[in-house]
Each structure stands twice: as structure tokens, then as C-alpha cells.
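S.K.: kindly return the folded structure for what I paste below:
(one chain, ligands or ions: 1)
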Amino acid sequence: IDELVEDGVAGRRVFVRADLNVPLDGETITDDGRIRAAVPTITRLAEAGARVVVGSHLGRPAGAPDPRFSLAPVAQRLGQLLGREVAFAADTVGDSAKATVASLGDGGVTLLENLRFQGGETSKDDAERGAFADRLAELADLYVGDGFGAVHRRHASVYDLPARLPHAAGGLIATEVNVLKKLTADVSRPYAVVLGGAKVSDKLLVIDHLLERADRILIGGGMAYTFLKAQGHEVGSSLLQEDQVPAVQEYLERAKDRGVEFVLPVDVVGASEFPDLKAKAPAHPATVDADAIPADLMGLDIGPRTQELYASKLADAETVFWNGPMGVFEHPDYAEGTRAVAQGLLDSSAFTVVGGGDSAAAVRLLGFDENAFGHISTGGGASLEYLEGKTLPGLAALED
Ligand code: 3PG
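M.R.: I've put the predicted structure just below:
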């Protein structure tokens, strides 16, 4: 983006592909981290006199307008954070978008409606995606890719549009890539990784990569129960991906061979049913040993002994990567495991990277100062796929 700005962007229409995919409760934004992360690049362009056309997705609508996924509340928050007016276009490439872009003055900013309201955005068909990218290209003269959270998606605005316009990477993408690069090169050891979240199937490839690099891998969240099952324990009514048990068993074996330590929960906190997250009523949780989970108990967080164990495994680490909450942190009765890991990261002197999505939101929702962490990525899936060593379409498109 430095070169682009130096070349002069005043009066030019610059399409900024941001990732403003924030969690919403109705029309209320519950975590605006991604919007805040988008501000510096937009500000920089606007201050240089560009006419900034911001595009993003929100959620996973079915390729047609759906008010539940409107970016209207995001436009309002973006305006507050930028300290400048954000004109919201009620469509993506239709009359509203064209008129809003045409009426932008130098330094003006518009946010288009959710790009996924058009099927062409996410289509697997190159021609369909290309046709949508052609229409987006009519709205701009230059392209800046800055939506790190979406660079793993081969979508029209991420992958096809930059091929149609002179393009550059924004500051957020540059920062994210520089940090994650450090985790793929020579890391300072011990290198500890904390993986949580619901599904082990989402993490298999990254575990594969980490078995070659990490010294210890701490497992929590819903995926921990598939690991416990793979070790021969019963997991009651906890989340279980039975079909993944053989793959996990193989990973546990490989880890042993390679001297990588897998650390699994020794106790868990749970209840007979999933808590009501809205009411936040006390859930009457029980703490049980991880090798003695009763048949009617659903594990919903790591227990206190596990929290201590994990803190001790993080204490002497030199590098830590954390992706995925340890439990249902949205409910106060099941937030302690995630809180303990966040605190463990802060208490260690390691270089710490929090990988995106839910874990980043958890850190903020639990009241931690996000600036105290080495880096909080805006990309969940994107940061994992980067670490897996995959070619990410949204980065490849910006490279030439
Ligand atoms: C994310 O939340 O990880 C990104 O915004 C990408 O969203 P997606 O998984 O719906 O493509």
C-alpha cells in the first residue's frame, strides 16, 4: 500500500476488501475487533484523498439479500471508529452502489452491502465469479486487499477482483503475514500450541503441520473429547467426532515418535445439558476427572486442575500460538478454562499469537487488554491455513 499511496490515490476510487465479518446479536455488534482492525488502511487511503469503496462479507447468507446479514450496523460502527461519514450502499453492484460511489468526494468512504448477497461472490464456477468481479471492478480504479480473515477463500472479491485492477496489500494483511511467518520459520523454543474449538476435523491439517514444529500441543474445547475417546476414555454426552478417532489415535502415536508432547485435559467441567447462553442462568456445573466422565455429563470446559497444568506448560514457553476457546466461554460458568489460558499467555514471557475468530473474541469479551498479547490475528481459518502451509488465494492474488 505504501507504493500505491506514494504513486498518488487522490481522486481515485480504491476498492478495499476488508473482513468486517463480526459477531452480531440482532443488530448489535458483540465484538468490533475486525472493524477496528480495518480502520488504519481505510483512514490512510481517505487521508490521501482516495474515494474509498469498502467491500466485505458478513456471515453465510445463501447468495441472496437477507436482512439478518446486512452490513448496515457495521457501516454505522465503521463511521464512528473512522470519525468520518460512511455512506452505506443498499446493494453490492446495483443502482445504490453505483450512485453512492459516484457521489463520493475525495476522502469519502462508502461500504457496500454484504458481498455474499450475490451468488457470484462465493461461486465455485470461475465464470460466475468472474462475472461478479467484472461488475465490482466497474466501481473502482484500484484494489487493496486487507481482509486477512478471508484470504483463504477463493471468492470473487478476494481472488478474482485483484486480477482486474492494479492492486496492493493493505497494512493489516502485511502485519498478519509478517507475524505468522515467524511461526513457520525458526521459532524460539519451547514452542507451545493451544488448540481448542468445537471440531477436531477443522484442525487436523494444522495438527499435521504442528507435529513437525511444535514442542507441546495443549488440547481443549469440544475437540478434546475426541482426543479423550482416542485414549480409551468414555466422554459421556460430550461433543464427539467418532469418525475422527482413528486419525487422532494416529496423531497421538506420531507425536510420541517425534517427541512432541500432547497435553490433554485431566478434569472437565460440565452439566447434563448445554447452557442457555442468552439467559446466562447458573448452569450448576460439576467437575469430574477426564477419565471418569459420567454417561449423562456433557463436558463444557476444562477443569481447574487442567487450567493449572496448562498454565505450567505455557509458563516456560518462548513461543505460543493459541487458536480456539477451551470451553463455552460465552457462559460465565464455562469461561474459566479460556480465561486461564489467556492469563497463562500473559504470564509467560513468550511471543504470543492468538489466532483469530472465537479465541480473539473471547480474549476481548473476558475483559483482557488485547494490547498485552503479542499479536491477535483477525483470521481464524485464514491463520490456520497459513500455518498449514497452504497457498491462500487472497494472498496469491496480491503477490504479482
Ligand atoms: C472468518 O470468520 O473466519 C472469516 O470472516 C471467513 O468467513 P467464512 O468462514 O464464512 O468464509
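S.K.: can you tell me the closest non-neighbouring residue to the closest residue to the ligand within the stretch 51-200 of the chain?
M.R.: Of all residues in the stretch 51-200 of the chain, G149 sits closest to the ligand, with a separation of 4.0 Å (C-beta to the nearest ligand atom). Bear in mind the C-beta positions are built from the backbone N, C-alpha and C, glycine included. Once its chain neighbours are removed from consideration, G149 has its nearest residue in D19; the separation is 3.5 Å (C-beta to C-beta, 6 or more residues apart in numbering).
S.K.: quick one: residues contacting the one you found.
M.R.: With contact taken as C-beta atoms under 8 Å, 6 or more residues apart in numbering, D19 is in contact with R34, A38, S56, H57, G147, F148, G149, A150, T378, G379.
S.K.: is it possible to get CSV of those residues that adds pLDDT and distance to R258?
M.R.: Output for those, formatted as CSV (pLDDT from 0 to 100; distance: C-beta to C-beta, whole Å):
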residue, pLDDT, distance to R258
R34, 95, 36
A38, 98, 39
S56, 98, 40
H57, 98, 38
G147, 97, 35
F148, 97, 30
G149, 96, 31
A150, 97, 33
T378, 93, 31
G379, 92, 27
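S.K.: would you reformat those as JSON lines and include secondary structure, neighbour count and distance to D2?
M.R.: JSON lines is the format used below for the contacts of D19 (DSSP: H, G, I helix; E, B strand; the rest coil; neighbours: other C-beta atoms under 10 Å; distance: C-beta to C-beta, whole Å):
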{"residue": "R34", "secondary structure": "helix", "neighbour count": "26", "distance to D2": "23"}
{"residue": "A38", "secondary structure": "helix", "neighbour count": "30", "distance to D2": "18"}
{"residue": "S56", "secondary structure": "coil", "neighbour count": "27", "distance to D2": "23"}
{"residue": "H57", "secondary structure": "coil", "neighbour count": "26", "distance to D2": "27"}
{"residue": "G147", "secondary structure": "coil", "neighbour count": "31", "distance to D2": "19"}
{"residue": "F148", "secondary structure": "helix", "neighbour count": "31", "distance to D2": "18"}
{"residue": "G149", "secondary structure": "helix", "neighbour count": "27", "distance to D2": "22"}
{"residue": "A150", "secondary structure": "helix", "neighbour count": "27", "distance to D2": "22"}
{"residue": "T378", "secondary structure": "coil", "neighbour count": "28", "distance to D2": "20"}
{"residue": "G379", "secondary structure": "coil", "neighbour count": "27", "distance to D2": "22"}
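S.K.: can you redo those residues as CSV with distance to E370?
M.R.: Rendered in CSV, the data for the contacts of D19 read as follows (distance: C-beta to C-beta, whole Å):
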residue, distance to E370
R34, 12
A38, 15
S56, 21
H57, 23
G147, 19
F148, 16
G149, 16
A150, 21
T378, 11
G379, 15
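S.K.: residue boundaries of the helices in the stretch 101-250 of the chain?
M.R.: 119-122, 126-137, 171-184, 204-210, 224-230, 245-258 (DSSP state H, counting those that start in this stretch).
S.K.: quick one: buried residues of the least confident helix or strand in the chain by mean pLDDT?
M.R.: Lowest mean confidence among the helices and strands of the chain (mean pLDDT, DSSP states H and E): helix 357-365, at a mean of 85. Of the residues in helix 357-365, those scored as buried under the neighbour-count criterion (16 or more other C-beta atoms under 10 Å) are G357, D358, S359, A360, A361, A362, V363, L365.
S.K.: next: stretch 263-281.
M.R.: Per 16+ other C-beta under 10 Å, stretch 263-281 contains these buried residues: V263, L264, P265, V266, D267, V268, V269, G270, A271, P275.
S.K.: related to what we said a few turns ago, the residue of the stretch 51-200 of the chain closest to the ligand touches Y386, doesn't it?
M.R.: No. Here G149 lies out of contact with Y386, judged by C-beta atoms under 8 Å, at a distance of 11.3 Å.
S.K.: intersection of neighbour lists for those two?
M.R.: Taking C-beta under 8 Å, 6+ apart as the criterion, G149 and Y386 both touch G379.
S.K.: who in this protein is up against the ligand?
M.R.: Within the chain, the residues that sit near the ligand (C-beta under 6 Å from any ligand atom) are D19, N21, R60, G149, A150, R153, G357, G380, G381.
S.K.: the fourth one: what's it in contact with?
M.R.: Read it as G149. The contact partners of G149, by C-beta under 8 Å, 6+ apart, come to D19, N21, R34, G356, G357, T378, G379, G380, G381, A382.
S.K.: picking that back up, return the distance of the residue of the stretch 51-200 of the chain closest to the ligand relative to D291.
M.R.: Remark: distance between G149 and D291 (C-beta to C-beta, to the nearest Å) = 38 Å.
S.K.: and if you look at Q307?
M.R.: Counting by C-beta to C-beta - Q307 and D291 are separated by 17 Å.
S.K.: quick one, which of those two is more surrounded?
M.R.: With other C-beta atoms under 10 Å as the criterion, Q307 and D291 differ in neighbour count, and Q307 comes out ahead with 24 against 14.
S.K.: now do the SS call for the residue of the chain found nearest the ligand.
M.R.: For the chain, the nearest residue to the ligand under the criterion C-beta to the nearest ligand atom is N21, separated by 3.5 Å. Classification of N21 by DSSP: H, G, I helix; E, B strand; the rest coil places it in coil.
S.K.: need phi/psi at it.
M.R.: Main-chain dihedrals, N21, degrees, to the nearest 10: phi -80, psi 80.
S.K.: thinking it is in contact with D32, fair?
M.R.: No. Applying C-beta under 8 Å, one finds N21 not in contact with D32, separated by 11.7 Å.
S.K.: more crowded one of these two?
M.R.: More neighbours sit around N21 than around the other of N21 and D32, counting by other C-beta under 10 Å; the figures are 24 against 18.
S.K.: how close does the more buried one get to I29?
M.R.: Counting by C-beta to C-beta, the gap from N21 to I29 is 11 Å.
S.K.: try D347
M.R.: Separation of D347 from I29 (C-beta to C-beta): 30 Å.
S.K.: do the same with D208
M.R.: When distance is defined by C-beta to C-beta, D208 is 35 Å away from I29.
S.K.: more neighbours: these two, which one.
M.R.: Under the criterion of other C-beta under 10 Å, the comparison of D208 against I29 puts I29 first, with 18 against 14.
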